[in-house]
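Trainee: Let me see the structure of the following:
(chains A and B)
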Protein chains: 2
Amino acid sequence: MSTLTQHQWLYRRQPTAHITADHYELVEQPLATRLGEREVLIEARYFSVDPYMRIGQSGKPTYDPDPHPLDTVQQGGVVSQVLASNAAGFLPGDWVYSYTGWQSHARVHAGALTRLDPAQAPVTTALGVLGMPGRTAWFGLTESGRPHAGEVVVVSGAAGAVGSLVVQFAKRHGARVLGIAGGQAKCDWLRDTLGADWAIDYKAHADSGTLAAEIRALTGGVDVYFDNVGGMVTDAVLPLINRRARIVICGQISQYGGGLDTPALGPRLLHHLLYQRATIQGMLARDYVHRMDEMVRIVAPWVQAGQIVFEETFVDGFEQLPNALNALFTGEHRGKLLVRA
Amino acid sequence: MSTLTQHQWLYRRQPTAHITADHYELVEQPLATRLGEREVLIEARYFSVDPYMRIGQSGKPTYDPDPHPLDTVQQGGVVSQVLASNAAGFLPGDWVYSYTGWQSHARVHAGALTRLDPAQAPVTTALGVLGMPGRTAWFGLTESGRPHAGEVVVVSGAAGAVGSLVVQFAKRHGARVLGIAGGQAKCDWLRDTLGADWAIDYKAHADSGTLAAEIRALTGGVDVYFDNVGGMVTDAVLPLINRRARIVICGQISQYGGGLDTPALGPRLLHHLLYQRATIQGMLARDYVHRMDEMVRIVAPWVQAGQIVFEETFVDGFEQLPNALNALFTGEHRGKLLVRA
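Mentor: Numbers count the residues shown, from 1 in each chain, chains lettered A, B, ... in the order given. As a prediction, the model looks like this:
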């Protein structure tokens, strides 16, 4: 073959609130398959959708000075198989991870590919527990949260890709863990399957006051708060922090539907940090890429031994990518959400 | 003499907004002057008024589980002279520091007194640059702010007792310093007398947007934000933080007029911490009492050499204490506010 049909989702329009397919355009075009030196042709099998993608669509500077460029392929992590290779060490059928975004095929320099070994762990774990979400959970908890055995760790977005790992990693540090999630089914899963000591359905609370009362009744006070959500849940937790509490800002997904560009209003609670000499620290997974081996050395054996629950929810169809991304903020999935090509 | 007349300000009623004399009652009573073993009779000369006093009047738990007890003498730091002594090392006329609060005289165990040497530094510095405010400024800046030479340090409440020291300490760390204060006179003082690189009068701004624009135009971005104030000023600074910025919550005085019990609303800005991997840390001077020698060893020589500006504003009259306390939040003083008996 000399060309194949490459499908791409181009990011076309900045959302002001939630993401829909209208913010993207699905295009197809021929892709020349002739390979340059050390090039590999890959076909995507699994696409990651992650909350950070919505941050990159903010109109203001965020973790990058500029937003995701319009009219380019949506960036993101992908697990693919090699179709053809002009690089030593890569053979057709091999599984690879790359940051090639929402496109069905790509020619990639071998240096931009990470080989995956399906015998070691399911290849999709490269987008989850052994990938960026796992790195976020591990280093966010251990470097910023620093839980001690016996301490109370509260996790918001606890049923999500990162949160569900934080719950389990915190238990392995000997902490007592409260997971906060939306809906009773997720809460049952947090307790019964992930081993959380407690779980609270924040949707059962009309405001942060009653939510705070329930958190206080269960935990007595909070030593580590791993926050994926922000908003009302954080409003409830902040006044309950103990002396020298550590608050990890990993995400603020409740604010991503517009509040990043025009911040929503919430109660001013910074005075609680003063009373408790507490710390709020923002973290990004990219800061720990160079320490990935360190995390894999500890976590991969747990994964191989079946000691870590890494639930995956698959959405079928490349054409579903924008909808799947939006479902991160509205959906009922547990664990890691993936799109299967 | 066997008794003398002791004047006391009793804390009688919890304020819901600003403090007035109605929240206190001035009483007098006889004080027996006969001294027990190691007791010292002191007469107060200078009283400290400090913003933390208003925090202690919150109806909710703050830095202590319970608020300042009603119907007791207002707690606070005092510089006194010894009238009579039954303790070795204390002679009539000696200057001492104690935490005996708003009362004209007291019998105090020698262990609760700190001797002051008027030859080393003015005795009032025990309530300012060489006392709690100095400790707050020094350790808040060096332990939580950790400025590097060349970095931008922004100080809110920069003309106050703590802020005016932070400005100078930050300059001595080689930082470029922006002081934010209320009114042009304070700003001139920050630049011309304290050596701030820049000063902004926040009262010249109707909202945080224009204030932020001015901060950005002057500094380009903020590495360390030493916050005494909270509210609109903090709203302006937070979106301007640089990578790995350190935000020190030393005070939130804009919120003390009621916002502690019923928090005011402000924009949700925690997502900025995530982008910049920044840290917000609350600090209290009490955590560094045991390291006071370390700070004095460095700062006292600067004070003795006349290299630190520690402006003091005196209010005359014991009966002015509640008004002076309220003036912390509304007043036009610079530096440390003291009441002279």
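Trainee: For the closest residue to A:Arg135 other than its chain neighbours, report the pLDDT, please.
Mentor: Excluding its sequence neighbours, the residue lying closest to A:Arg135 (CB to CB, 6 or more residues apart in numbering or on different chains) is A:Ala285, at 4.8 Å. The way it works is simple: take the backbone N, C-alpha and C, and place the C-beta from them, glycine included. Reported pLDDT at A:Ala285 in the predicted model: 95.
Trainee: shouldn't A:Ala285 be in contact with A:Glu143?
Mentor: No: the pair A:Ala285 / A:Glu143 is not scored as a contact, 11.4 Å apart, by CB atoms under 8 Å.
Trainee: Which one's more surrounded, the two?
Mentor: A:Ala285 (21 against 14; other CB atoms under 10 Å in any protein chain shown).
Trainee: Look at the most centrally placed residue in chain A and tell me its secondary structure.
Mentor: The centroid of chain A falls nearest to A:Pro133 when counting by CA atoms, centre = their mean (4.5 Å). Under DSSP: H, G, I helix; E, B strand; the rest coil, A:Pro133 falls in the helix class.
Trainee: residues contacting it?
Mentor: Counting by CB atoms under 8 Å, 6 or more residues apart in numbering or on different chains, A:Pro133 makes contact with A:50, A:127, A:161-162, A:165, A:285, A:336.
Trainee: ok, 10 Å please
Mentor: Shown in contact with A:Pro133 (CB atoms under 10 Å, 6 or more residues apart in numbering or on different chains): A:48, A:50-51, A:77, A:125, A:127, A:160-166, A:285, A:310, A:335-336.
Trainee: These in strands, which ones?
Mentor: Among those, the members falling in strands (DSSP state E) are A:48, A:336.
Trainee: returning to what we had before: how near is the residue nearest to the centre of chain A to A:Gly160?
Mentor: Here the criterion is CB to CB, to the nearest Å. By it, A:Pro133 lies 8 Å from A:Gly160.
Trainee: How about A:Ala341?
Mentor: From A:Ala341 to A:Gly160 the distance is 23 Å (CB to CB).
Trainee: Please report the distance of A:Ile19 from A:Gly160.
Mentor: From A:Ile19 to A:Gly160 the distance is 17 Å (CB to CB).
Trainee: ugh, typo on my part, it should be A:Leu194
Mentor: Taking CB to CB, one finds A:Leu194 at 12 Å from A:Gly160.
Trainee: pLDDT weak spots in the stretch 51-200 of chain A?
Mentor: Counting by pLDDT under 70, the stretch 51-200 of chain A contains no low-confidence segment.
Trainee: What residues does it have near chain B?
Mentor: A:52, A:55, A:58, A:60-65, A:144 (CB under 10 Å from any CB of the partner chain).
Trainee: switch the cut-off to 7 Å
Mentor: A:62-63 (CB under 7 Å from any CB of the partner chain).
Trainee: all strands of the stretch 51-200 of chain A, in order?
Mentor: Assigned by DSSP state E, counting those that start in this stretch, the stretch 51-200 of chain A shows strands spanning A:72-73, A:78-85, A:95-98, A:105-109, A:114-116, A:152-156, A:176-181, A:198-201.
Trainee: export the ones you listed to JSON lines and tack on mean neighbour count?
Mentor: Listed next are the strands of the stretch 51-200 of chain A as JSON lines, based on neighbours: other CB atoms under 10 Å in any protein chain shown:
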{"stretch": "strand A:72-73", "mean neighbour count": "16"}
{"stretch": "strand A:78-85", "mean neighbour count": "22"}
{"stretch": "strand A:95-98", "mean neighbour count": "22"}
{"stretch": "strand A:105-109", "mean neighbour count": "19"}
{"stretch": "strand A:114-116", "mean neighbour count": "16"}
{"stretch": "strand A:152-156", "mean neighbour count": "30"}
{"stretch": "strand A:176-181", "mean neighbour count": "27"}
{"stretch": "strand A:198-201", "mean neighbour count": "21"}
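Trainee: Can you add distance to A:Ala212 and give the ones you listed back as JSON lines?
Mentor: Below are the strands of the stretch 51-200 of chain A laid out as JSON lines (distance: least, CB to CB, whole Å):
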{"stretch": "strand A:72-73", "distance to A:Ala212": "43"}
{"stretch": "strand A:78-85", "distance to A:Ala212": "41"}
{"stretch": "strand A:95-98", "distance to A:Ala212": "41"}
{"stretch": "strand A:105-109", "distance to A:Ala212": "48"}
{"stretch": "strand A:114-116", "distance to A:Ala212": "43"}
{"stretch": "strand A:152-156", "distance to A:Ala212": "11"}
{"stretch": "strand A:176-181", "distance to A:Ala212": "11"}
{"stretch": "strand A:198-201", "distance to A:Ala212": "10"}
